[in-house]
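Undergrad: My questions concern the predicted model and sequence given below.
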Amino acid sequence: MDFSLDAASATPPFEQVRAQVIAAIDDGSLVAGTRLPPVRALATDLGLAANTVARAYKELEEAGYVETRGRAGTIVRGGDAASSRAAQAAQAYADTVRQLGVTPADAVALVRAALGGG
């Protein structure tokens, strides 16, 4: 696993880390059961604060890409490409509605309506 940051990018570092992990899962570089580097180790390697990497891992876990197993570390979850892409789309939607100031309840209602669930 070779993660890197683009200091000139407008994309926040936590998002760069998150996106690189997702890309590695999608292209098969990271398979189910693979242990990600510990938060502190990756933060040190990238020259980041541990909280920045922890945020990326937390968002990856919330989106279903990884699971944290305490002292066993953060592990890539199993799943298919469709689930992975759906999680990416859900994260993009969540980011957008947050930026627009839409409440979580209204955001969920919009998804239900779009899916035909009223």
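TA: It's in.
Undergrad: Let me know the helix or strand that the closest residue to A32 other than its chain neighbours is in.
TA: Leaving aside its sequence neighbours, A32 sits nearest to G78 (Cβ to Cβ, 6 or more residues apart in numbering; 3.6 Å). For every residue, glycine as well, the C-beta is placed using N, CA and C. Under DSSP states H and E, no helix or strand contains G78.
Undergrad: count of neighbours near G78?
TA: G78 is flanked by 10 other residues according to other Cβ atoms under 10 Å.
Undergrad: My understanding was that it contacts I25; is that so?
TA: No - the criterion here is Cβ atoms under 8 Å, and G78 misses it with I25 at 10.3 Å.
Undergrad: Surely F14 forms part of a helix?
TA: Yes - membership of F14 in a helix is supported by DSSP: H, G, I helix; E, B strand; the rest coil.
Undergrad: Measure how buried it is and give me the count.
TA: When neighbours are defined as other Cβ under 10 Å, F14 has 19 of them.
Undergrad: before we move on, what about T74?
TA: Counted with other Cβ under 10 Å, T74 comes out at 25.
Undergrad: what's the answer for T103, then?
TA: A count of nearby residues for T103, using other Cβ under 10 Å, gives 10.
Undergrad: Likewise for the one 3 residues further on?
TA: Other residues within reach of D106 by the criterion other Cβ under 10 Å amount to 12.
Undergrad: ok, and the closest non-adjacent residue to the residue nearest the centre of the chain?
TA: Geometric centre of the chain, nearest residue: L60, 2.9 Å, by Cα atoms, centre = their mean. Closest residue to L60 apart from its sequence neighbours, by Cβ to Cβ, 6+ apart: V66 at 4.7 Å.
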